[in-house]
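1. any chance you could fold what I've pasted below:
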Amino acid sequence: MAPSRWRRAAAWRLAPLALAVGLLLLHAHGQDIQPKATEFERDFLNFDQNRDGQIDAQELRLQFRAELTPLELHRFFVDADADRSGTISLAEYIEYAATLSSGGGS
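-> I've put the predicted structure just below:
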């Protein structure tokens with residue numbers, strides 16, 4: 001299996017774990033878990049154009065280029081990429097989206 005295919009397969013095997021972490025984070029924020037988790041997961045999948053289980057800066061830019069300035073896109077990415085890996089995982093996206101929807105965020 002090619003390295004990129006292996007990473008993609010590994011990322012999708014971890015997706016259920018990432019979703020579980022995201023659900024716990026939503027619960028910690030005191031939000032109605034299932035509707036929000038479904039919405040956030042659907043949004044994440046829309047962003048993840050190459051289906052590798054991560055959102056990179058290019059995928060984010062493609063999704064929001066007409067709605068956000070380059071500075072706003074950068075801030076979104078920096079804030080959401082909690083582990084500073086250069087990509088946003090499902091768990092990171094759910095945590096960030098939950099923070100924004102609860103009125104938090106920077």
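2. buried residues, stretch 49-58. List them.
-> Asp52, Gly53, Gln54, Ile55, Asp56, Ala57 (16 or more other CB atoms under 10 Å). No exception for glycine: its C-beta is placed from N, CA and C like everyone else's.
3. can you show me the strands along this structure?
-> Under the criterion DSSP state E, strands of the chain are mapped to 54-55, 88-89.
4. out of the buried residues of stretch 49-58, which two sit at the greatest distance?
-> The span of these, defined through CB to CB, is set by Gly53 and Ala57 at 15.7 Å.
5. where are the low-confidence patches of this protein?
-> Within the chain, the segments meeting pLDDT under 70 span 1-36, 102-106.
6. so which of the strands of the chain is nearest Phe64?
-> That would be strand 54-55 among the strands of the chain, by CB to CB, at 11.0 Å.
7. what strands line up against that closest one, and which way round?
-> When pairs are called by DSSP bridges, strand 54-55 turns out to pair with strand 88-89 (antiparallel).
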